[in-house]
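Undergrad: Below: sequence and its predicted model.
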Amino acid sequence: MTKRISVYTGLLLLATALQSTAQNTPPPAQTPATTQKPVKGPTETLVVLGSATPVPLAESPRPVEVLPVEPLKLAAETALDVLRSDSAVFLEQRGAGGAQDDLILDGGSFEQALILLNGFRINDAQTSHHNLDLPVPMEAMSQVQVLEGAGSTLHGTDALSGVVDFLTAAPDHDSLRMRLGEGSFESNEESLLAAATRGKWSGRATADRNFSTAFMTDRDYRNEDSSAESWLGTRLGVTDLLVAGSDRAFGANDFYGPYPSWERTKSWFAGARQELGARTVAAFGYRRHADDFVLFRNDPAIYENNHLDESWQASLRRTENLPGGALLLLGLESDGDSIHSFNFSGGVTSYALGVHARNRGAGYVDLDWNPPAKRWNLSAGAREEVFSGGGRTVFSPQLAGSIRATNALKLRASGGYGFRIPTYTDLYYSDPATLGNPNLKPESTWSGNGGADWAPTNRVTVSATGFYSRQHDTIDYIRAAVVPNPYLPPSCEVDGEQAANTWCATNLNGLQFSGVEGRVTWIPSSSQTIHFGWTELFGAQNPLPGIRSEYALNYPVANLHASWRAAMKYGIAVTNEVAIAKLYQQPGNAPFNANAYPVWNATVTRDQWKLRPYLRFTNLSNTGYQQVVGVPMPPRTIMGAFVIQLGD
């Protein structure tokens, strides 16, 4: 009851604030980073994750990594490549080009990280394998922000291990950019960007495509994305409108089992954000995602699934300045999703996942206290989320703070609660090798982290973080080669008998993860940057003899990333990157990447003048490795291309 009163009080305050008159006009608020026009010259990096309003990165009490996209638009194939420099992030890839990638943060499964686009939810209700089906091309993005640790207080469901937000920004000048490239395995990439500014209006249109015949049978792909976004400043505030779409078709050989499969996904997204004065922001988003899956590519009539899911989201946020340097955030959110899913096998149409829908509503309060002339700050928040179908609620608190021990050294700590509801695939999917479970419980975690950020000079920055999470009712798929097995739950039974070698959805308990993470960035000269990141994980679980986990225990026990970038004359830049990962080995199973494996990437770019060529070398070490069991990654590949740039 106390929890509900705290949230309802916050909602009442929000309603009162919205109805209040402007007797005391508040000072102008910071415009959210997603609608700010960038200015030329040095600017301070702002963080929009984990706090009530954008704050300087150096003052954030939570571990946040800000990854700029603009400097890498020649060196990266997709926006996901930008994430490789963060050792806390591990990408489970099934191929090149950005199709069917999964993201792991701090030991959580790929389903436990929330993906945002300008603050809008992108996580897919059908299956979390589509969470990184980003509809916006990399050309439209300005930066990627990564929040480590539970983020459900401000962002709701799915934010157990962290939040990743892909951000766009309004252009500040007219420009036209075209890219053309070709490479190994008949790969090809093209992109187009057109941006314009007229007074208080600015806009950008982007499109890109990449495709390849692939390095092995049934691993070809074709990815297409496009977007249009406009910003308009009025006396009321900034209006931000975004429309985007993607179309991805790819050979899915062994992606979900020993089958020569094929898949095509389409995604449409529309989002609107409106400032209502200096302190209130309203937003609405809509997403539609279609997934066509064929088990046998050469004979689709044997088994084909068509899934169509839709989701909508609406939010209203208001901030209020309080005495003593405190800032109060009040928020209301509502969202819902639905699915229509059918199977076509042998000329018979039936339900695959079926037809379902659900809705959620939430209210939350967050207080950020940063007293002037003090060396510390504190952030505390709480959220209550209500779900349709019985009125079940979830309460999600969080607490974070930092203190400046010296001008160069900041100490920080944070903790919070995260939760996730099952996807429709978790609940209802069924085939000869997989069983869903309509009785799954939502999963949750309590997590905390603490660390230090040290900047002894303007050329050296060092950070270290320790983290811990304890999970409850973790949603996973398990199977046993030999049955009966007393550890298999009832959800693994078919007609009252346990099914051998069948993945079945269930809730696991007793999972906990701890780890350490370090980052060092050194700028030995104005033309060189050296970065080193390292993360090590330690996991524990209740004993499951003779049972294998499909997702929850597929995490890297060590993940290292080192890079060196040198800027030369005439805009030429050379980058060398080496990543080394070692994956957890489940007891009693055949070795899977039993040894740590290195992957070496390099680029040479010239980001100057109208014609800007570049070379991209991927897996120069020609390492044979798998990030998903049974799915080999491409060998050494080379991409050569050039960009025509009009306007700077």
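TA: It's in.
Undergrad: Quickly note the distance from the residue lying closest to Thr637 once chain neighbours are set aside to Ala214.
TA: Among residues not flanking Thr637 along the chain, Ser184 sits closest, at 4.1 Å (Cβ to Cβ, 6 or more residues apart in numbering). Quick note: C-beta positions are derived from backbone N, CA and C, even for glycine. Counting by Cβ to Cβ, to the nearest Å, the gap from Ser184 to Ala214 is 10 Å.
Undergrad: Trp522 now?
TA: The value you get for Trp522 to Ala214, if Cβ to Cβ is used, is 39 Å.
Undergrad: So for Ser184 and Ala214, which sits in the more crowded spot?
TA: Ala214 (20 against 17; other Cβ atoms under 10 Å).
Undergrad: In contact with the residue nearest to that one when sequence neighbours are not counted, which residues?
TA: Leaving out its chain neighbours, the residue that sits closest to Ala214 by Cβ to Cβ, 6+ apart is Asp220, at 4.2 Å. Asp220 is in contact with Phe211, Ser212, Thr213, Ala214, Phe250, Gly251, counting by Cβ atoms under 8 Å, 6 or more residues apart in numbering.
Undergrad: count of residues packed around the third one?
TA: Taking other Cβ under 10 Å as the neighbour definition, Thr213 ends up with a count of 12.
Undergrad: My understanding was that it contacts Phe185; is that so?
TA: Yes: with contact defined as Cβ atoms under 8 Å, Thr213 and Phe185 form a contacting pair (5.8 Å).
Undergrad: Return the list of strands paired to the host helix or strand of Asn576, each annotated with direction.
TA: Using DSSP states H and E, Asn576 falls within strand 572-583. Sheet pairing for strand 572-583, assigned by DSSP bridges, gives strand 556-567 (antiparallel), strand 597-606 (antiparallel).
Undergrad: Distance from the chain centre to the last one, please.
TA: The chain centre lies 23 Å from the centre of strand 597-606; the measure is Cα atoms, centre = their mean, to the nearest Å.
Undergrad: Let me see the residues that make contact with that strand.
TA: 74-75, 84, 570-582, 612-621, 623, 625.
Undergrad: And these, which of them are buried?
TA: 74-75, 84, 573-582, 612, 614-620, 625 (16 or more other Cβ atoms under 10 Å).
Undergrad: ok, how many other residues are close to Thr168?
TA: 25.
Undergrad: Gly257 and Arg479 touch, don't they?
TA: No: the criterion here is Cβ under 8 Å, and Gly257 misses it with Arg479 at 11.8 Å.
Undergrad: who's more crowded, the two?
TA: Arg479 (22 against 14).
Undergrad: Quick check: which element contains that one?
TA: strand 474-480.
Undergrad: Name the spans of this protein whose pLDDT lies under the cut-off.
TA: Residue ranges of the chain with pLDDT under 70: 1-45, 588-594, 648.
Undergrad: Just grab the bridge partners of the spatially closest residue to Phe419 that is not a sequence neighbour for me.
TA: In space, and not counting its chain neighbours, Phe419 is closest to Ser444: 4.3 Å by Cβ to Cβ, 6+ apart. For Ser444, the beta-bridge partners are Phe419, His472 (DSSP bridges).
Undergrad: what's the distance between Ser444 and Asp473?
TA: Ser444 is 7 Å from Asp473, by Cβ to Cβ.
Undergrad: show me where the stretch 351-500 of the chain has strands.
TA: Assigned by DSSP state E, counting those that start in this stretch, the stretch 351-500 of the chain shows strands spanning 376-387, 393-404, 409-420, 430-431, 434-435, 443-457, 460-472, 474-480, 493-494, 497-498.
Undergrad: Same question for the stretch 151-300 of the chain.
TA: Under DSSP E, counting those that start in this stretch, the stretch 151-300 of the chain gives strands at 162-168, 175-183, 187-198, 201-212, 221-233, 238-253, 260-275, 280-294.
Undergrad: Determine which stretch of the ones you listed is the most buried.
TA: Highest mean neighbour count among those (mean count of other Cβ atoms under 10 Å): strand 162-168, with a mean of 26.
Undergrad: Tell me the gap between that strand and the middle of its chain.
TA: With Cα atoms, centre = their mean, you get 6 Å for strand 162-168.
Undergrad: Show me what it is packed against.
TA: Contacts defined by 3 or more Cβ pairs under 8 Å, 6 or more residues apart in numbering; DSSP states H and E place strand 162-168 against strand 101-105, strand 113-117, strand 141-148.
Undergrad: ok, the closest residue to Ser212 other than its chain neighbours to Thr78 distance?
TA: Excluding its sequence neighbours, the residue lying closest to Ser212 (Cβ to Cβ, 6+ apart) is Ser187, at 3.9 Å. From Ser187 over to Thr78 the distance is 13 Å, taken as Cβ to Cβ.
Undergrad: One more: His531?
TA: 20 Å.
Undergrad: on that earlier part again, next one: phi and psi at the residue nearest to Ala214?
TA: As for Asp220, its main-chain torsions (degrees, to the nearest 10) stand at phi -70, psi 160.
Undergrad: need the contact list for Leu116.
TA: Ile122, His155, Val163, Val164, Asp165, Phe166.
Undergrad: Quick check: it vs Trp534, distance?
TA: 26 Å.
Undergrad: I figured Arg287 hits Ser267, correct?
TA: Yes: at 7.0 Å, Arg287 counts as touching Ser267 under the criterion of Cβ under 8 Å.
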